[in-house]
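Q: Pasted the sequence and its predicted model underneath.
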Amino acid sequence: MLNIPLWNRVLIWGLVALGLAFAMPNLFYPRVERHNDAAAAIEAGLATEEEVADDLSGWPGFLPSSLVNLGLDLRGGAHLLAEVQVEDVYATRMDGLWPQVRDALREERDTVGTIRRQDSPSDELHVRISQPDGMTAALAAVRALSQPVSSVTAVGAMTLDIRAEGDVIIVTLSEAERAATDDRTMRQSIEIVRRRVDEVGTREPTIQRQGDRRILIQVPGIGSAEELKRLIGTTAQLTFHPVTGRGSGSDVEAGAREIVLPDVEDEGLLYRLEQSPVLSGEDLTDAQPAFDQNGQPVVTFRLNTAGARTFCDYSQNNVGAPFAIVLDEQVLSAPTIREAICGGSGQISGNFTVEGSTELAVLLRAGALPAEMTFLEERTIGPELGADSIAAGEVAAMVAGIAVLIFMIGSYGLFGVFANIALIINVGLIFGLLSAIGATLTLPGIAGIVLTIGMAVDANVLIFERIREELKTAKGPARAIELGYEKARSAIYDANITTFITAVILYVMGSGPVRGFAITLGLGIITSVFTAIYITRLLILLWFERRRPKKIEV
Amino acid sequence: MRLKLVPSETNWDFFRLSSVALVASGVAVVASIVLFFVIGLNFGIDFRGGTTIRTEAHSEVDVAAYREALQGLDLGDISITEVFDPTFAADEHVTLVNVQAQDGQESVSAETIAAIEAVLQEVDPTITFPSVESVGPTVSGELVQTAIIAVTLAIAAVLIYIWLRFEWQFSLGAVAALIHDVTLTIGIFCLLQIRFDLAIIAALLTIVGYSLNDTVIVFDRVRENLRKFKKRPLKEVLNLSINDTLSRTVMTSFTTLIALIALFVLGGDVIRGFVFAMIWGIVVGTYSSVFVASAILLRLGVKRDWSKTDGGGASGTQFANIDA
């Protein structure tokens, strides 16, 4: 009749124990957090076990140690939504393509005549040929440069669209290649953002792709969105150029294939440099802050094999000539080559501070962003505001919880006590689940939990009211309890499934805090149905088996 | 000895004034729509774009001085709202400064924010800025769109679910109640000019869920009683079902309200609007499940022959059969 098989009971209590075990670390939040940080530091090789022994011993290693992540609104930090200007890359591709097109057409000079690059939109390449009769040959020559797109979704597509308009050849990237390029650009951007954010070593940053061309970046504990933007927005493009002249003001003019760049310290000092760099940041494999023999902060770097060879050759042929180290269009320094440098490493000195050299090393290691980013949304939340919100949320949850507990006992007596035990387990289970899946708790999330506290009793209320009704028809307590559960079930499922549907829609459509709310609401529905149907039933059963009352009052 | 919010046996006639209630609800819905178009919602930056800076100072806030200081920056529309909250310390004076989206910028530039902070610091040296949030016009436009889609989707999903589980008449009744609740919530937000931001959408959807919860429980009982009392008129069955579930309806609404009121008073100003929407929604939702959903069901009438669904399971006993 009222029976629940033993294995079922074991399973129920097992689940509860598991859920509560996962929830428990949250009661000791600061201690567990220090423990986790210490463990992470050891793993990363940043600290030895002795150094962080205190923190590590704060929490026994055999216990679960995952915590509920606190959202930005609770912990404080910065939030950015960036849009990557993926079109930037098309222009770069077109510029890169031009020498190849030129060389290919030059081989056909007899039929196409002289060639010249025309002005064009930045994502197109326009080339005029002087003998329009040779257009067919010219198109064929350029087409040979087009390759199959390397992407699973675009089988058979070629990278370039090539057409002729009069005596002009117009080259653009094909649709498929654009899509593939966009995807690459996004992945590269995310990777670089991640590396730059990780370099600063904050806790659990969120870096997510959103849609086709957006990146969501949330970094807890950082001072402001501005700081975060500076960190990820700087394109550290390092290049080494041969110096052809230097001076000040208008007496430095760029010749053919030359550029003029200012000195980083002295705006008036200008360098005339060869446009094509000897080396660029891509040849860099590592960069570290260090000190030179005079104790000045410098950045040391290492080059990959190809870069090392190029640099070795160049320095051998140019002993005594100056070369410029250029970072983001400014000349950091222009030392003179004293001897051939073939070790594949070197150092950059400028008037760095220690922070300056560290930051530069970070930026160099991370590489340049492939395309510019614009920021659509930025939020900074101070840590105090977050702490206030947590405190307020805690107090509210306590008061709400206690009020509901008292009210339930007042209304249902002993059965109210059972419902209350289930309610407390329910809140524990929500935290356990949140920790286990690594979900993020936000301020609306706390509201979700408080709402769940209010609503969790609903299932029990339904059942108890039903039992009361069944008791009126005097079927005996055991039968009444059983019927109460049975008849309330469809209402409970229908009611909770509909609410669950809205929670799912919230999760799918929402972002940030709304999503946090959806998670706690959704999990709360699952756990409250579980606790109401299984736990209270089991509790009532345990009591009933022991007491065997002839009469019950609900 | 038991605490009872409603007597254990009730036999109230909920449909005696049902026409009046329906008309009143109709008027309230129309009034909300009018309010929406005449006064409009006080959209937060999530939906309008712009920047909100939260300031906190130790001395009394002089809003006029703030405004004067900011006027010099030529930032267009600026609003300054002082925030009061029982959870604040005595020397905690908080305001929210809203700046409209700037032309030609997505999120507001660092220089603008620095300039605002600098002039305010001149007015009051103790001022700090616990949060700065800036949303560009592109995103805010999309957020509006997503929000509308979310609410519509939620209502549609519910319509379908109830249709599957019950009958189309139930579904229409429930959805009418939902639209009633959502519209009235938007109406009160227009009337009281409470800031309407992304979190309120979450509240709206919760109201959808909660109101439905209530309606479904009444309907579930209606379905049961329709099977039990095949010959009684629909009006009586509906009345009986509402009376049967009344105690539960009131209990649950009451416990949820207790929790929400605690949050409203003690939860801090950041989520107060959100909690307010929820409290309002629960009151309205409880009302609508009886006076809108059931009243409409009564007027639409219902198919009385449930024998088919009993055997076939077409109108969904699939979930109800899951064994506990």
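A: All right, it came through fine.

Q: Just the mean pLDDT for the helix or strand harbouring B:Leu204, thanks.
A: For B:Leu204, the host element (DSSP states H and E) is helix B:198-228. Per-residue pLDDT values over helix B:198-228 give a mean of 84.

Q: do the same with stretch A:443-454
A: 80.

Q: for stretch B:281-297, same thing?
A: pLDDT averaged over stretch B:281-297 gives 90.

Q: List of residues touching that stretch?
A: B:14-15, B:18, B:21-22, B:25, B:169-170, B:172-174, B:176-177, B:180-181, B:184-185, B:203-204, B:206-207, B:210-211, B:214-215, B:217-219, B:222, B:238, B:241-242, B:249-250, B:253, B:256-257, B:260 (Cβ atoms under 8 Å, 6 or more residues apart in numbering or on different chains). Bear in mind the C-beta positions are built from the backbone N, C-alpha and C, glycine included.

Q: Figure out how far it is from the centre of its chain.
A: 14 Å (Cα atoms, centre = their mean, to the nearest Å).

Q: now stretch A:390-399
A: With Cα atoms, centre = their mean, you get 30 Å for stretch A:390-399.

Q: ditto for stretch A:477-489
A: The answer for stretch A:477-489 is 49 Å, by Cα atoms, centre = their mean.

Q: Chain B contacts on the stretch 1-150 of chain A?
A: A:Asp73, A:Leu81, A:Glu83 (Cβ under 8 Å from any Cβ of the partner chain).

Q: contacting residues for the second one?
A: Listed by Cβ under 8 Å, 6+ apart, the contact set of A:Leu81 reads A:Gln210, A:Arg214, A:Ile215, A:Leu216, A:Ile217, A:Phe375, A:Leu376, A:Glu377, A:Glu378, B:Val139.

Q: pretty sure A:Ile430 is touching A:Ile519, no?
A: No. Contact criterion Cβ atoms under 8 Å: A:Ile430 and A:Ile519 do not qualify, at 9.6 Å.

Q: Which one's more surrounded, these two?
A: A:Ile430 (29 against 25; other Cβ atoms under 10 Å in any protein chain shown).

Q: And the pLDDT at the more buried one?
A: Reported pLDDT for A:Ile430: 92.

Q: same question, A:Leu327
A: 74.

Q: same check, this time on A:Glu43
A: 78.

Q: Can you name every helix or strand that the strand or helix carrying A:Asp88 contacts?
A: Using DSSP H and E, A:Asp88 sits within helix A:87-106. Using 3 or more Cβ pairs under 8 Å, 6 or more residues apart in numbering or on different chains; DSSP states H and E as the contact test, the elements touching helix A:87-106 are strand A:115-118, strand A:124-129, helix A:135-143, strand A:168-173, helix A:175-200.

Q: Contacts made by the helix or strand following it with the rest, please.
A: Following helix A:87-106 in sequence order, the next helix or strand is helix A:109-112 (DSSP H and E). Helix A:109-112 has contacts (Cβ under 8 Å, 6+ apart) with A:Leu105, A:Ile129, A:Ser130, A:Gln131, A:Asp133, A:Gly134, A:Met135, A:Ala137, A:Ala138, A:Ala141.

Q: what pLDDT, on average, does helix A:109-112 get?
A: 84.

Q: Can you list the buried residues in stretch A:329-342?
A: Of all the residues in stretch A:329-342, those buried under the rule 16 or more other Cβ atoms under 10 Å in any protein chain shown are A:Gln330, A:Val331, A:Leu332, A:Ser333, A:Ala334, A:Ile337, A:Ile341.

Q: Over to stretch A:489-500?
A: Going by 16+ other Cβ under 10 Å, stretch A:489-500 has these buried residues: A:Arg489, A:Ser490, A:Ala491, A:Ile492, A:Tyr493, A:Asp494, A:Ala495, A:Asn496, A:Ile497, A:Thr498, A:Thr499, A:Phe500.
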